[in-house]
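In: Provided below are the primary sequence and the corresponding predicted coordinates.
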Amino acid sequence: MTEITWDQARTIIGTAITKGRDMGLKPLSVVVLDAGGHVKAFEREDGAAPGRFAVAHGKAYGAVMLGMAGGAQMARAEQQPYFMAAVNGVYGGQVIPVPGGILVRDVAGAVIGAVGVTGDTSDNDAEVGLAGIAAAGFAGEA
């Protein structure tokens with residue numbers, strides 16, 4: 001299985017933030033997690049709220065731990081709120097089931113990590129995250 005390198009994580013973050021600026025988004029925070037849910041890299045733009053790390057991490061952590069992108073988690077939470085409540089209990093409240101939590105897949109389709117983006121609307125967060133993942137040569141699932 002491929003791993004996300006530090007350089008690839010930096011590419012993901014840099015591209016996501018640049019795309020966010022090009023789109024005129026609010027200041028972003030972006031985290032990249034490996035397949036075990038551990039932080040590879042994180043950046044918070046100037047002007048982003050200080051609590052954004054926890055939100056970005058929660059989006060990415062839920063994606064990688066469940067193998068389910070943020071959009072799918074949100075749909076599941078709407079259909080079965082008890083399931084997501086139980087998941088959050090298991091993971092100590094760390095899961096934020098909304099778009100912006102993006103699975104990272106290698107060329108074989110294996111989940112090798114996740115990206116969490118926060119700062120603007122969840123859909124915009126997902127869009128810039130997907131751009132960053134593509135720039136690093138991976139496939140994203142939002």
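Out: Perfect, I can see it now.

In: these two touch, right, residue 27 and residue 43?
Out: No. Residue 27 lies out of contact with residue 43 (Cβ atoms under 8 Å); the separation is 10.5 Å. C-beta coordinates here come from the backbone N, C-alpha and C atoms, glycine included.

In: Which strands or helices does the longest helix along the chain pack on?
Out: Secondary structure of the chain per DSSP state H: the longest helix is helix 6-22. On a contact count with 3 or more Cβ pairs under 8 Å, 6 or more residues apart in numbering; DSSP states H and E, helix 6-22 meets strand 29-34, strand 39-44, strand 111-118, helix 122-135.

In: mind putting these in CSV, distance to residue 87 included?
Out: Formatted as CSV, the helices and strands packed on helix 6-22 follow (distance: least, Cβ to Cβ, whole Å):
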stretch, distance to residue 87
strand 29-34, 16
strand 39-44, 20
strand 111-118, 15
helix 122-135, 18
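
In: so of the ones you listed, which one's packed in deepest?
Out: Highest mean neighbour count among the helices and strands packed on helix 6-22 (mean count of other Cβ atoms under 10 Å): strand 111-118, with a mean of 29.

In: what's the angle between that one and helix 6-22?
Out: The directions of strand 111-118 and helix 6-22 differ by 30 degrees, with axes from the mean of the first three to the mean of the last three Cα atoms, to 10 degrees as the criterion.
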